[in-house]
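In: 3D, please:
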Amino acid sequence: MKIIDVSDKYTYAVSHLNNSINIPYDELINNYRKYLNKNEKYYLYCKSGKLSKRAVLVLSSLGYKVFLLKN
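Out: Below is the predicted model of the structure:
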């Protein structure tokens, strides 16, 4: 299971889930082909849930298997 925290680098440094990687929202949305593979599943989250929800909507519309990880 791949967990991506879409928070900014500062927020991620302060607190994040174990085994997660940090790809800030703007970086992920602008460079999704660099980070994602359409054959894999990804679980996205952030502290408030707003950015991760927005990212899931955008990336799923592009055919990626992305899911919102509830806090």
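In: C-alpha only now, for contacts and for neighbours.
Out: Noted.
In: List phi and psi for the closest residue to residue 66 other than its chain neighbours.
Out: With sequence-adjacent residues excluded and distances taken as Cα to Cα, 6 or more residues apart in numbering, residue 66 is closest to residue 42, at 4.7 Å. Main-chain torsions, residue 42, degrees, to the nearest 10: phi -130, psi 140.
In: Next: residue 21.
Out: phi -120, psi 150.
In: which residues does it form a beta bridge with?
Out: Here residue 21 shows beta-bridge partners residue 4, assigned using DSSP bridges.
In: Tell me the spacing between it and residue 13.
Out: Counting by Cα to Cα, to the nearest Å, the separation of residue 21 from residue 13 is 11 Å.
In: Please say which of these two ends up with more neighbours.
Out: Comparing residue 21 with residue 13 by other Cα atoms under 10 Å, the one with more neighbours is residue 21, at 15 against 10.
In: my guess is the more buried one meets residue 7, correct?
Out: No - in terms of Cα atoms under 8 Å, residue 21 does not count as a neighbour of residue 7; the distance is 10.2 Å.
In: picking that back up, tell me, how many neighbours does the residue nearest to residue 66 end up with?
Out: Count around residue 42 with other Cα under 10 Å applied: 20.
In: What residues are bridge-paired with it?
Out: residue 2, residue 66.
In: So residue 52 is in contact with residue 45, correct?
Out: Yes - at 4.9 Å, residue 52 and residue 45 qualify as touching, with contact defined as Cα under 8 Å.
In: nearest residue to residue 35 other than its sequence neighbours?
Out: Closest to residue 35 by Cα to Cα, 6+ apart is residue 28, at 7.2 Å.
In: Correction: the previous question concerned residue 29.
Out: Here the residue nearest residue 29, using Cα to Cα, 6+ apart, is residue 55, at 7.1 Å.
In: Spit out the contact partners of that neighbour.
Out: 25, 29, 44 (Cα atoms under 8 Å, 6 or more residues apart in numbering).
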